[in-house]
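Undergrad: give me coordinates for this.
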Amino acid sequence: MTHRRAVFVMIVVTLLWSTAGVITRHLEQARSFEVTFWRSLFNAVGLIVLLGWLRGPQALVARICTGGAVLWASGLCWSVMFTAFMVAITLTTVANVLVVMATAPLFTALLSRFLLNHRLPARTWAAILVAGGGIAWMFGADISGAGGSHLLGTGIAMGVPIAGAINWTLIQHASRSEASSDMLPALLIGALISAAVTLPVAWPLQAWAPDVGWLALLGVTQLAIPCVMAVTAARTLAAPEVALLALLEVLFGVAWAWLGAGEKPSSAAMFGGALVLGALAANELFALLRRSTATAPASV
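TA: This is a model prediction of the structure:
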């Protein structure tokens, strides 16, 4: 996959990821851990079909059984991300969760710098800071609730960027070794762990048919398909770049909430969104220009 195509794939991924908040707000019966269980279960079913088609059933099972510590560590990270996000979004506002998730590039950049010795260019650090400032500007006035559930939800949401930073770093580490580079089965491991952990606390299940339909949509089109795309793109992109592009999920989430739930963004959200888009565009433009200069002939 070329770098330009990987960037495009990640943009599509964030567009699909961003539908979680607005769809969750349309649920009528399912709550908290039950939402997480159904979403993870349908995610696992979708991944079994998709990865079985891509890898073959026998190769998929063999990879899971012999994948080693890196694959299972990545699967554990995915399970934390799957579980923490949905539990947090049922305890506090979507804005609170998205603000916390916006810290992912900082965690990822620091981990990749110290664990993978990635020397990040100044433009990437600048883009991270500007994008983070844009997110803070967007939702700074909307971080609501000092009550117990809001604080608990915000704390749980912190598990998403931390696990995500570890996960992208693991994927980058695995991409250096041909023997352990196939990290797609980690998605299935994560989905199964998340479903298994949340089922006991979600029982008895109370969701009715419309809710199950929405959750099936979340599990397959909002999670299984884009996560496979993200892992594939992450083999080409640097870990901090993946995390930076993932910030687009916040902008798309605002748009979905506006179109699907009538939540019109404020002027602060519009200005902050412009900062995020500008930071992402500038980072990618400078990277493109640098690659073009490096590959150009020395003389005309």
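Undergrad: contacting residues around residue 226?
TA: 12-14, 16-17 (CB atoms under 8 Å, 6 or more residues apart in numbering). From N, CA and C alone the C-beta is placed, and that goes for glycine too.
Undergrad: whichever of those end up buried, select them in ChimeraX.
TA: Buried subset of the contacts of residue 226, written as a ChimeraX selection, criterion 16 or more other CB atoms under 10 Å:
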select :13,14,16,17
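Undergrad: can you tell me which of the contacts of residue 226 are in helices?
TA: 12-14, 16-17 (DSSP state H).
Undergrad: will you turn those residues into a markdown table that also has pLDDT and distance to residue 220?
TA: Below are those laid out as a markdown table (pLDDT from 0 to 100; distance: CB to CB, whole Å):
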| residue | pLDDT | distance to residue 220 |
| --- | --- | --- |
| 12 | 92 | 15 |
| 13 | 91 | 14 |
| 14 | 90 | 17 |
| 16 | 90 | 10 |
| 17 | 86 | 13 |
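Undergrad: show me what the helix or strand encompassing residue 9 packs onto, helices and strands only.
TA: Using DSSP states H and E, residue 9 falls within helix 3-17. Helix 3-17 is packed against helix 225-234, helix 239-245, helix 248-261, helix 267-295, with contacts defined by 3 or more CB pairs under 8 Å, 6 or more residues apart in numbering; DSSP states H and E.
Undergrad: most tightly surrounded among the ones you listed?
TA: For the helices and strands packed on helix 3-17, the largest average neighbour count (mean count of other CB atoms under 10 Å) is found in helix 239-245, namely a mean of 28.
Undergrad: so how far is that helix off the chain centroid?
TA: Distance of helix 239-245 from its chain centroid, counting by CA atoms, centre = their mean, to the nearest Å, is 10 Å.
Undergrad: residues in contact with that helix?
TA: Contacts of helix 239-245 (CB under 8 Å, 6+ apart): 7, 10-11, 14, 104-105, 107-109, 111-112, 116, 118, 120, 124, 127-128, 131, 164-165, 168-169, 171-172, 230, 233-234, 237, 279-280, 283.
Undergrad: then stretch 13-24?
TA: Residues contacting stretch 13-24 (CB under 8 Å, 6+ apart): 35, 85-86, 89-90, 94, 97-98, 214, 217-218, 221-223, 225-227, 229-230, 233, 245-253, 255-257, 259-261.
Undergrad: kindly report the same for stretch 153-169.
TA: 73-74, 77-78, 80-81, 84-85, 87-92, 96-97, 100-104, 107-108, 110-112, 115-116, 234, 239, 242-243, 246.
Undergrad: re the thing from before, let's have the contacts of residue 226 in JSON lines, adding distance to residue 45.
TA: Converted to JSON lines, the contacts of residue 226 look like this (distance: CB to CB, whole Å):
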{"residue": "12", "distance to residue 45": "22"}
{"residue": "13", "distance to residue 45": "20"}
{"residue": "14", "distance to residue 45": "23"}
{"residue": "16", "distance to residue 45": "17"}
{"residue": "17", "distance to residue 45": "19"}
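Undergrad: farthest pair in the contacts of residue 226?
TA: The two members of those with the most space between them (CB to CB) are 12 and 17, at 9.7 Å.
Undergrad: give me the contact list for the helix or strand containing residue 65.
TA: Residue 65 is located in helix 57-66, with elements delineated by DSSP H and E. Helix 57-66 is touched from outside by 51-52, 55, 71, 182, 185, 188-189, with contacts defined as CB under 8 Å, 6+ apart.
Undergrad: weed out the non-buried ones from those residues.
TA: Buried among these (16+ other CB under 10 Å): 51, 55, 71, 182, 185, 188-189.
Undergrad: and which of the residues you listed is nearest residue 201?
TA: Closest approach to residue 201 among the buried ones among the contacts of helix 57-66 (CB to CB): residue 189, at 20.1 Å.
Undergrad: wait, the closest one sits on residue 71?
TA: Yes: using CB atoms under 8 Å, residue 189 is in contact with residue 71, at 7.2 Å.
Undergrad: please name the residues that touch the nearest residue to residue 274 once chain neighbours are set aside.
TA: Using CB to CB, 6 or more residues apart in numbering and skipping the chain neighbours, the partner closest in space to residue 274 is residue 134 (7.4 Å). If a contact means CB under 8 Å, 6+ apart, then residue 134 has 271-276, 278-279 as its contacts.
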